[in-house]
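Undergrad: I'll drop the sequence and a predicted model, then ask my questions.
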Amino acid sequence: MVDARWHTRLLDTQTSRRKLLAMAVVGAAGMTVGAATRSDAAPPAGGHTYRLTVLGTTDSHGNVYNWDYFKDAEYDDSTHNDVGLAKISTLVSAMRKERGERNCLMLDAGDTIQGTPLAYYYAKIDPITGGAKHPMALAMNQIGYDAAALGNHEFNYGMDTLRTFEGQLDFPLLGANAVDWNTGEPVFEPYIIRTVRPGNDKPIRVGILGLVTPGVAIWDKHNVEGKVRFEGIVEQAARFVPQMKAAGADIVIVSCHSGADTSSSYGDALPYPENASTLLAKGVPDIDAILVGHAHVEIAERFVTNEQTGKQVLLSEPLKWGMRLTVMDLDLKKVRGQWQVASAHSHLLNANTVPEDPAIADMLRGDQKDVRGYVNSVIGTCLAAMSAGTSRYEDTAAMDFINHVQAQAVAQAIAGQPEAGYPMLSIAAPFNRDASIPAGDVTVRDVAGLYIYDNTLLGIVLTGAEVKAYLEFSARYFKQVPGPGTYAADSITNAVTPEAPTGTPDYNYDIMGGVAAATSLSYDIDIAQAVGSRIKNLAYAGTPVAADQKFVVAINNYRQSGGGGFPGVTTAPVVYNAQVEIRQLLIDWVAANQVIDPSDFFVQDWKLVADGGEVVVQDDGDGGRH
């Protein structure tokens, strides 16, 4: 049976652990935070009406500071987002000041302890299982969360780390569908009920249910198998929402680490979908609002109609990494003595409009210093410099290194499976022209520069015909030339296509290779030919590739899920998907092996030709010949 304490845990939202800033918080535009939405401010309670504000974050992924550890500089991106819980804290304090602290609840929808060097440091370098305090726990406690849902990445470092993190929190970690392997009962609290007191009126009991995507069963199988099973989101909500209502919940909020748009990266490998928040809103009555996570998308406000009651359920997702704060306003009224939601709306606040909360920034300054020291620390030696600067037009050791590590990881993971006998390939793209690993000492930051995105690794099965089609699609990156000769790099790369009217970006040019010289994939790209007819002399280990030959291909999640529109990958059988971040995989490989010897993996896999003749490319940066 579910422990009765989960039915009766009633805590007032006005707790001593909350720290409300005494000063008004001024945004970058010079106005008080929330000034653009003053019409949303809480109306006075009266006439048996009340506005409850639910604040929410998700997918913070180890971001406390607005900091890019791999650049060792303040975080910035093309749209000038800011990140981190220190900025979220400022927004939360401003909203509590505006709405009234007792009228606000603070929730999170998961994925907290993985994703940055700060998160990795306190899992592996100075682990919290050894006594360290996790900066994410300290920051979230300082902010004053009421509850958080489990995310799938909470399980990445094993159950001991997760339980230690849970024990450092001042609020419950909820996971109704994470159940005991044998009994089927939740191994984390499934829900809590908070009491909100609207003046002298009848208290409002708010039920908060936590759910996590069932994909954990695949992605972290080695950490959870035999211990924790993951039931369907809709199925477990259908079990627990009635219990919450029977326990006295007037309204029900779900913190759901599962995307809004129904889909599964693992196909039909599990009986439950990965992204099920919309299905949840449609299928389970008596849910009033859902804080959505996992998908890393921005949903300010979305309504889904419940199919049984016709009631509108509010959904909101605040992007990722602490870039946004969800603000849900639930206007309640009493009907026959019971509180219920009369109307609901939500919007998002942008973290780039406010400064960091100095209380959090100062509290974790020492942790930040330690992590920056780690990122800049030497973890290995490279016997020869490897630059990615020319990788977009010639085979380089830098790209072969990525492919070598990826292929090796997938090959080791599928040992014992039937697919282990297939030839092993890997794809990588020249993400960063400035990336290089120097000869001599190599730091964490050097390695990370080769892989600037947060992609995770998968293994899929492609036929020889599909491998060729994939490479033909990739070769659209090159502009057509009249014949052999010498060309400037910019004159042959970044071709305009219907899908890329301003030019194909470097990250949509994939290079495919094998594990080592004896098992390499070789091919020519004839850029004098029309798109679709450029891949020549395609061979594996010196033997022409047969159309029906089967390969296991190491690929990143962005590409496998359809990013870039490459053919064959979204429907290909998946043989490996442990949600391992490729960048961290490269770092771990160097730390474990200590020495990078390019001669161990660099093979001239591919080259540019024109009508079979030589193509010489001059680098546009310095005019040097390559």
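TA: Structure received.

Undergrad: list the buried residues in stretch 198-211.
TA: By neighbour count with 16 or more other CB atoms under 10 Å, stretch 198-211 contains the buried residues 198, 204-211. Bear in mind the C-beta positions are built from the backbone N, C-alpha and C, glycine included.

Undergrad: how long is that stretch from one end to the other?
TA: Start-to-end span of stretch 198-211 (CA to CA, to the nearest Å) is 28 Å.

Undergrad: and if you look at stretch 329-349?
TA: Distance across stretch 329-349, first residue to last, is 13 Å (CA to CA).

Undergrad: low-confidence ranges, the stretch 451-600 of the chain, go.
TA: Low-confidence regions of the stretch 451-600 of the chain, defined here as pLDDT under 70, cover residues 516-518.

Undergrad: can you map out the helices along it?
TA: Defined through DSSP state H, counting those that start in this stretch, the helices belonging to the stretch 451-600 of the chain, from first to last, are 464-474, 489-492, 557-560, 582-593.

Undergrad: quick one: closest of those to residue 402.
TA: Across these, the minimum distance to residue 402, taken as CB to CB, is reached by helix 582-593, at 6.8 Å.

Undergrad: what comes into contact with the closest one?
TA: 70, 120, 379-380, 401-402, 405-406, 408-409, 442, 444, 447-448, 450-457, 556, 596 (CB atoms under 8 Å, 6 or more residues apart in numbering).

Undergrad: number of nearby residues for the residue lying closest to residue 176 once chain neighbours are set aside?
TA: Closest residue in space to residue 176, ignoring its immediate chain neighbours: residue 190 at 3.4 Å, by CB to CB, 6 or more residues apart in numbering. In terms of burial, residue 190 registers 26 neighbours under the definition other CB atoms under 10 Å.

Undergrad: from residue 271, how far out is the closest residue in space to residue 269 that isn't next to it in sequence?
TA: Spatial nearest neighbour of residue 269, chain neighbours left out: residue 218 (6.1 Å); criterion: CB to CB, 6+ apart. According to CB to CB, to the nearest Å, residue 218 stands 12 Å off from residue 271.

Undergrad: if we can go back for a sec, could you dump the buried residues of stretch 198-211 to CSV with distance to residue 236?
TA: What follows is those, written out as CSV (distance: CB to CB, whole Å):
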residue, distance to residue 236
198, 31
204, 25
205, 21
206, 19
207, 14
208, 14
209, 9
210, 10
211, 6
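
Undergrad: in strands, which of those residues appear?
TA: Cross-referencing these against strands under DSSP state E gives 204-211.

Undergrad: biggest separation within these, which pair?
TA: Of all pairs drawn from these, the greatest distance, 22.4 Å, lies between 204 and 211 (CB to CB).

Undergrad: I'd say the residue nearest to residue 176 and residue 209 touch.
TA: Yes - look at residue 190 against residue 209 with CB atoms under 8 Å: they come within range, at 6.7 Å.

Undergrad: what sits in contact with each of those two?
TA: In the contact map built from CB under 8 Å, 6+ apart, the residues linked to both residue 190 and residue 209 are 174, 176, 240.

Undergrad: packing partners for the longest helix along the chain?
TA: Of all segments of type helix in the chain, defined using DSSP state H, the longest is helix 397-413. Counting contacts by 3 or more CB pairs under 8 Å, 6 or more residues apart in numbering; DSSP states H and E, helix 397-413 packs against strand 386-387, strand 424-428, strand 436-437, strand 456-463, strand 511-513, strand 550-556, strand 574-581, helix 582-593.

Undergrad: chain center to stretch 73-86: distance?
TA: Relative to the centre of its chain, stretch 73-86 is centred 16 Å away, using CA atoms, centre = their mean, to the nearest Å.

Undergrad: same question for stretch 253-273.
TA: Distance, stretch centre to chain centre, for stretch 253-273: 14 Å (CA atoms, centre = their mean).

Undergrad: go through that stretch and flag the buried ones.
TA: Within stretch 253-273, the residues scored as buried using 16+ other CB under 10 Å are 253-260, 264-266, 270, 272-273.

Undergrad: pLDDT on it, on average?
TA: Along stretch 253-273, the predicted local confidence has a mean pLDDT of 91.

Undergrad: and that stretch, end to end?
TA: OK, stretch 253-273 end separation, CA to CA: 21 Å.

Undergrad: likewise for stretch 596-605?
TA: With CA to CA as the measure, the ends of stretch 596-605 fall 19 Å from one another.

Undergrad: quick one: the helices in the stretch 201-350 of the chain?
TA: Taking DSSP H, counting those that start in this stretch, the helices of the stretch 201-350 of the chain run over residues 216-219, 221-224, 233-246, 277-283.
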